[in-house]
Every structure is written in structure tokens, then in C-alpha cells.
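In: Test case, fold it:
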Amino acid sequence: KFVGCRDHYYVTQYYDRQSTLAKANRVNVKAGATTDIDARLILAGHLTGQVTNEASPPGPLAGICVTATFEGGGGVGELQLRHADRIAPAFSTFSTKTNTHGEYAFDDIPGGSYTVSFSDCRRHAYLPTSSLFETVVAGATTANADETMAKPGRISGTVTSTSPGGPLGAVCVFVETQGG
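Out: Purely as a prediction, here's the structure:
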């Protein structure tokens, strides 16, 4: 595993340019011998923001799941790392949660364009969104990638029969958005 230890300005990766330990290539080391391996680290960028509600004034939302999905660019060719004749896809989705102040941060991610999505992963009291499209620059911080989340609306009512009688039980009611 390769990590930028001092200032964390490099994307963490495993040997041989893999994004997880499960995908990493094993390195065999024999007693009394030296095994040489090299790594080429990607300069990292940072993405930060705050998630709030629609109140006036807006209040911070803690525990919101935030996902940044790589969409391309950043000088790493669709975020595929080349090694000899092999192309290894890596580093495409990053996730975190907001803190008690509604703040989130993605540290040490590759430069490029990201779709940033938000969902209330605990209570489902707010509607999910994925409206942000942010560009992260390697070696810099993209700040103020903020989002305001709305509470869902409600539908209520009573289902009755066209013939005389009271409310009907055991009736399934479905809500669909227009177009599906």
C-alpha cells in the first residue's frame, strides 16, 4: 500500500496500481533476497462542502451520505492507470458522511470531473440528490461543493368502494413519478 504520509497529496493505492487490497498484486519476498517494486503515485486533489436543510436560516445536516463518482478528465485517461500492455480501472467512486456541522471532505482523490450525490442514509427524512458536477484539480482543494436537501412531500387519503361502505383494507397504493 502506498500513501502520501506527510501531507497526503497523493492518491492511496496498492501494488500494482490497484485501488483496493483485494485487487492488489502480491509481492513475493524470499529470505535473504531483495525484491524491487516501483510505484508511480497520482497527485491528489481535495473536494469539500457542506450539506444543509431548506430552513431559514439553513441548518447543517449530519450523517448524510455523500458519494463522488468519477466522470472523466484530470489527465489520467478515464482514470485508468496504464501499466505495460494492461489497463487497470481503479478509483472511480468515493464515499463519506457529513459531520455534525454538515461538512464533508474527500481527501486525496484523483483530479477530474465528478458527479456528487447526497442521500439521507440513516433516516431517509430528506430527498436524495445528485445535482452537483464538480471538477477536482490535482494538488488543489475544490471548496464549497455545497448542497441543500429538501424533505419529501406526503400523500394521504382514504380508499373506499364505489358501492356503499366504509374504508377498504388490504389495498396496495403505489406512487410513481411521471414517466415511470
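In: Near Phe70, how many other residues are there?
Out: 23 (other Cβ atoms under 10 Å). Yep, even glycine has a C-beta here, placed from its N, CA and C like the rest.
In: distance of it from Ala105?
Out: Counting by Cβ to Cβ, to the nearest Å, the gap from Phe70 to Ala105 is 17 Å.
In: Low-confidence ranges, the chain, go.
Out: Within the chain, the segments meeting pLDDT under 70 span 6-8, 73-91, 131, 179-180.
In: In it, where's the longest strand?
Out: Using DSSP state E, we find that the single longest strand of the chain is strand 44-53.
In: how distant is that strand from the center of its chain?
Out: Centroid separation for strand 44-53 versus its chain: 11 Å, with Cα atoms, centre = their mean, to the nearest Å.
In: Beyond it, next helix or strand please.
Out: Using DSSP states H and E, the helix or strand that follows strand 44-53 in sequence is strand 65-72.
In: Return the residues in contact with the nearest residue to Ser119 once chain neighbours are set aside.
Out: Using Cβ to Cβ, 6 or more residues apart in numbering and skipping the chain neighbours, the partner closest in space to Ser119 is Pro128 (4.0 Å). Contact analysis of Pro128 by Cβ atoms under 8 Å, 6 or more residues apart in numbering lists 117-120.
In: Any idea how many residues pack against the closest residue to Val29 other than its chain neighbours?
Out: Closest residue to Val29 apart from its sequence neighbours, by Cβ to Cβ, 6+ apart: Thr35 at 4.9 Å. Burial measure for Thr35: 8 neighbouring residues, criterion other Cβ under 10 Å.
In: Bridged to Ile109, which residues?
Out: Gly45 (DSSP bridges).
In: I'd like the distance between it and Thr158.
Out: Distance, Ile109 to Thr158, by Cβ to Cβ: 51 Å.
In: who has more neighbours, these two?
Out: Ile109 (24 against 7).
In: Looks like that one contacts Thr48 (just checking).
Out: No. With contact taken as Cβ atoms under 8 Å, Ile109 and Thr48 are classed as non-touching, separated by 11.1 Å.
In: Give me the most central residue, the protein.
Out: Centroid check for the chain by Cα atoms, centre = their mean gives Thr67 as the closest residue, at 1.6 Å.
In: State the helix or strand in which Phe118 lies.
Out: strand 112-119.
In: From Thr34, how far off is Ile155?
Out: Using Cβ to Cβ, we find Ile155 at a distance of 69 Å from Thr34.
In: try Leu168
Out: For Leu168, the distance to Thr34 - Cβ to Cβ - is 78 Å.
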